[in-house]
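[1] sharing a sequence plus its predicted fold:
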Amino acid sequence: MARAAATKTDSLRAFFGPGGQLQAAQGEGFEFRPGQLEMARAVADALERRRHLLIEAGTGTGKTLAYLLPAVASGRRIVISTGTKNLQEQLIFKDIPLLAAALGRPPRVACVKGRNNYACRQRLDDLETQPALLTIAELETYRRIRAWARESELGDRAELDFLPENSPLWERLNARKEICTAQKCPAFGDCFLTRLRQRAQEADLIVVNHHLFFADLTLKQRDLPGVLPPYEAVVFDEAHELEEVAGQYFGVSISTHQLQELARDAEAWVRLQVIAEGPWLTRVQHAVESGTALLLDLAEEPGRFELKERTRFLEDHQGAYRRLLDNLRAAGNELLAAHDSAPEPETLARRIIDLAERAELLLEGDETGSVLWHERRGRGAILGATPIEVADLLEENLFSRCDTVILTSATLAVAGSFDYLRGRLGLRHGSERSIPSAFDYERQALLYIPDDLPDPREPEFVPQAAEIIAALLAASQGRAFVLFTSHEQMRETYQRLEAKLPFPLLLQGEQPRHLLLERFRATPQAVLFATSSFWQGVDVQGEQLSCVIVHKLPFASPSDPVTAARIRAVNEAGGQAFMEFQVPHAVLALKQGFGRLIRSSRDRGVLALLDGRILRQRYGPIFLESLPRYRRTGRIDEVRAFFAGD
Ligand code: SF4
């Protein structure tokens with residue numbers, strides 16, 4: 001045993017160490033990172049002993065290769081789950097090819113994304129026979145997609161650089177489950193998803209994102225066939241996001257968008273003569289009208305709110321609710337009774353019945369353990385139920401079923417402890433490790449916390465903080481992110497500074513997130529004003545981002561119904577939600593926000609936190625102990641001197 005461990009250690013050093021295989025593949029770009037080797041050893045050990053592992057790896061550790069190599073070397077089929085589709089692509093196009101070059105042999109890899117990323121051959125065929133259902137502008141794009149689908153190996157829309165992100169035509173052509181007839185489909189054998197499943201069956205590594213992973217897990221929880229084949233271990237990168245994503249998938253919802261999509265698909269199948277028209281179609285249309293009116297009535301105000309008076313709401317809207325359920329059920333039954341050899345009527349019927357069941361569950365079912373909420377988003381509305389705790393669900397469906405789950409991220413620990421995350425995720429067993437960042441934060445970064453600003457809850461805070469932001473941006477010459485916890489304060493600060501600052505200012509909401517980021521990278525001295533979606537998963541290396549200003553400590557808003565329910569649950573169980581839930585949650589968010597600044601050993605810059613509560617309140621030391629060892633100051637002249645290079 002001791003000899004086997006020593007051999008494993010030697011082989012990891014021979015890969016990651018100076019003069020090793022990684023250096024041979026990377027050439028001049030190589031830098032020996034002891035933390036990377038340490039992490040690879042911990043991951044290899046967890047895989048060998050078949051135990052769970054929580055491993056925080058500071059920025060610059062090179063954690064991706066540190067888990068990829070032991071995963072490949074283990075000889076087991078392992079799922080790697082990343083935070084986003086973009087990170088999946090980074091693994092597929094950057095990290096795995098580097099690993100393959102260093103090893104001299106490519107691992108067998110399958111990248112599995114959500115179904116709507118892939119083309120549906122059957123829908124492409126359907127439209128071929130009915131080109132009149134396309135507009136002239138769509139016809140040309142359709143022909144290009146059709147030609148591409150004939151040649152494409154993967155059928156992944158990422159290969160279509162001419163297709164706009166929100167293409168309505170792609171909505172009609174993608175392989176989403178609502179319109180899929182699965183084994184009964186004539187194109188099943190040649191379907192891109194069938195081929196993808198086969199590749200996943202043969203792969204050593206299956207690269208997914210958290211959304212797809214939990215979509216698969218919740219299907220299997222209901223004994224339905226999932227997308228992923230059996231696997232022996234899972235590595236979650238960006239594991240700090242798991243509670244949030246798991247909550248979405250273990251929950252249930254219906255939306256005006258789903259209802260309207262149902263009506264569109266039903267009408268399209270009638271036009272395509274895939275399903276014969278009948279009274280069922282009118283019933284679907286009536287159900288969609290009633291359901292849409294019901295949801296819009298429920299979610300009148302923009303934002304997400306708890307549904308508190310469900311019984312009363314139902315009494316007041318009994319008519320619309322009954323029309324929704326009765327019409328859906330009657331349409332579903334009619335389609336089931338009438339369906340002949342064609343599979344589409346049955347697929348549509350099951351979808352209609354599923355919608356009715358979800359509506360009934362949300363408005364009349366047992367709500368214990370969940371929080372019911374409604375949300376108005378633009379012109380649409382959603383009614384949903386989210387589990388208050390996901391710990392037991394994860395324990396039952398993940399940690400007790402799979403013997404090796406590895407959770408990694410740059411932000412897992414709070415003041416050196418993993419207890420918060422273990423508790424939230426229900427991970428009771430397994431080991432834990434912290435790998436410090438490879439960067440020299442004391443030299444590369446300065447943390448500025450002014451001690452003379454009013455408390456952020458005071459009305460004078462926003463105008464005075466705006467003055468400090470202006471002074472900081474003058475010192476950094478723009479090149480900054482200003483991160484807010486509230487849209488309102490972001491807009492107010494932006495308006496106060498817009499005319500005063502000589503730098504190009506970008507405001508979240510002006511453009512989609514990725515375009516805003518591209519503009520930020522390409523615009524000298526740009527300043528981006530943003531809220532939560534820019535606190536994490538954003539990587540801007542080099543001088544273009546030299547200053548990150550955090551307006552307030554990022555406490556989750558207790559006005560959000562899911563956060564409020566979680567706070568209540570901790571208090572009702574005898575705990576202290578503020579210290580046990582809200583503070584650690586905010587600590588991880590702050591670590592993420594600050595993590596945007598130093599992305600390489602050459603980066604240098606200033607972090608500013610304008611919320612003086614970190615210096616005055618009893619929870620302040622928990623935040624400060626959780627951050628890397630930055631040099632700290634309360635003086636703006638030291639910030640100026642830092643940028644002047646002194
Ligand atoms: S099996 Fe489903 S996704 Fe695949 S081609 Fe047929 S309908 Fe489309």
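    Yes, it's here. Residues are numbered from 1 along each chain as shown.

[2] hmm, which helix or strand of the protein has the shakiest average pLDDT?
    Between all helices and strands in the chain, the lowest mean by mean pLDDT, DSSP states H and E belongs to helix 2-16, at a mean of 73.

[3] mind checking what helix or strand follows that one in sequence?
    helix 21-26 (DSSP states H and E).

[4] sticking with the residue of the stretch 351-500 of the chain found nearest the ligand, tell me its helix or strand.
    In the stretch 351-500 of the chain, the residue that lies nearest the ligand is R351 (13.0 Å; Cβ to the nearest ligand atom). The way it works is simple: take the backbone N, C-alpha and C, and place the C-beta from them, glycine included. Element membership for R351, per DSSP H and E: helix 344-364.

[5] distance between that helix and the chain's centre?
    27 Å (Cα atoms, centre = their mean, to the nearest Å).

[6] may I have it as PDB, with CA atoms only?
    This file holds the C-alpha atoms of helix 344-364, laid out as PDB (Å, rounded to 0.1, in the frame of the first residue of the first chain):
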ATOM      1  CA  GLU A 344     -46.400  13.000 -31.600                       C
ATOM      2  CA  PRO A 345     -50.000  13.000 -30.200                       C
ATOM      3  CA  GLU A 346     -48.900  10.900 -27.200                       C
ATOM      4  CA  THR A 347     -45.800  13.100 -26.600                       C
ATOM      5  CA  LEU A 348     -47.900  16.200 -26.600                       C
ATOM      6  CA  ALA A 349     -50.600  14.600 -24.400                       C
ATOM      7  CA  ARG A 350     -48.000  13.600 -21.800                       C
ATOM      8  CA  ARG A 351     -46.600  17.100 -21.800                       C
ATOM      9  CA  ILE A 352     -50.100  18.600 -21.400                       C
ATOM     10  CA  ILE A 353     -51.000  16.200 -18.500                       C
ATOM     11  CA  ASP A 354     -47.600  17.000 -16.800                       C
ATOM     12  CA  LEU A 355     -48.400  20.700 -16.900                       C
ATOM     13  CA  ALA A 356     -51.800  20.100 -15.300                       C
ATOM     14  CA  GLU A 357     -50.200  18.000 -12.600                       C
ATOM     15  CA  ARG A 358     -47.600  20.700 -11.900                       C
ATOM     16  CA  ALA A 359     -50.300  23.400 -11.700                       C
ATOM     17  CA  GLU A 360     -52.300  21.300  -9.300                       C
ATOM     18  CA  LEU A 361     -49.200  20.400  -7.200                       C
ATOM     19  CA  LEU A 362     -48.300  24.100  -6.900                       C
ATOM     20  CA  LEU A 363     -51.800  25.400  -6.100                       C
ATOM     21  CA  GLU A 364     -53.300  22.600  -4.100                       C
END
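
[7] give me the residues contacting that helix.
    178-181, 184, 252-254, 258-259, 262, 265-266, 269, 274-275, 284, 287, 291, 310, 313-314, 321, 324-325, 328-329, 331-333, 335-336, 338-339, 372, 383-385 (Cβ atoms under 8 Å, 6 or more residues apart in numbering).

[8] would you mark the buried spots in that helix?
    Within helix 344-364, the residues scored as buried using 16 or more other Cβ atoms under 10 Å are 344-349, 351-353, 355-359, 362-363.

[9] show me where the stretch 101-250 of the chain has its strands.
    Applying DSSP state E, counting those that start in this stretch to the stretch 101-250 of the chain gives strands spanning 109-111, 205-209, 233-236.

[10] one step back: farthest-apart pair in the buried residues of helix 344-364, please.
    Spatial extent of the buried residues of helix 344-364 (Cβ to Cβ) is set by the pair E344 and L363 at 28.9 Å.

[11] break down the stretch 351-500 of the chain into its helices, ranges please.
    391-394, 419-425, 441-444, 461-476, 487-498 (DSSP state H, counting those that start in this stretch).

[12] mean neighbour count, mean pLDDT and distance to the ligand for these - can I get that in CSV?
    Listed next are those as CSV, based on neighbours: other Cβ atoms under 10 Å; pLDDT from 0 to 100; distance: least, Cβ to the nearest ligand atom, whole Å:
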stretch, mean neighbour count, mean pLDDT, distance to the ligand
helix 391-394, 18, 96, 29
helix 419-425, 20, 97, 33
helix 441-444, 16, 92, 49
helix 461-476, 19, 97, 50
helix 487-498, 16, 95, 38
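
[13] which one of those lies nearest to L624?
    Closest among the helices of the stretch 351-500 of the chain, using Cβ to Cβ: helix 441-444, at 13.2 Å.

[14] which segments of this structure make up each domain?
    252-387, 441-643 (automatic domain parsing).

[15] R33: which of the ones you listed is closest?
    Among those, if distance is taken as Cβ to Cβ, the winner is domain 441-643, at 9.8 Å.

[16] distance between that closest one and the chain's centre?
    20 Å.
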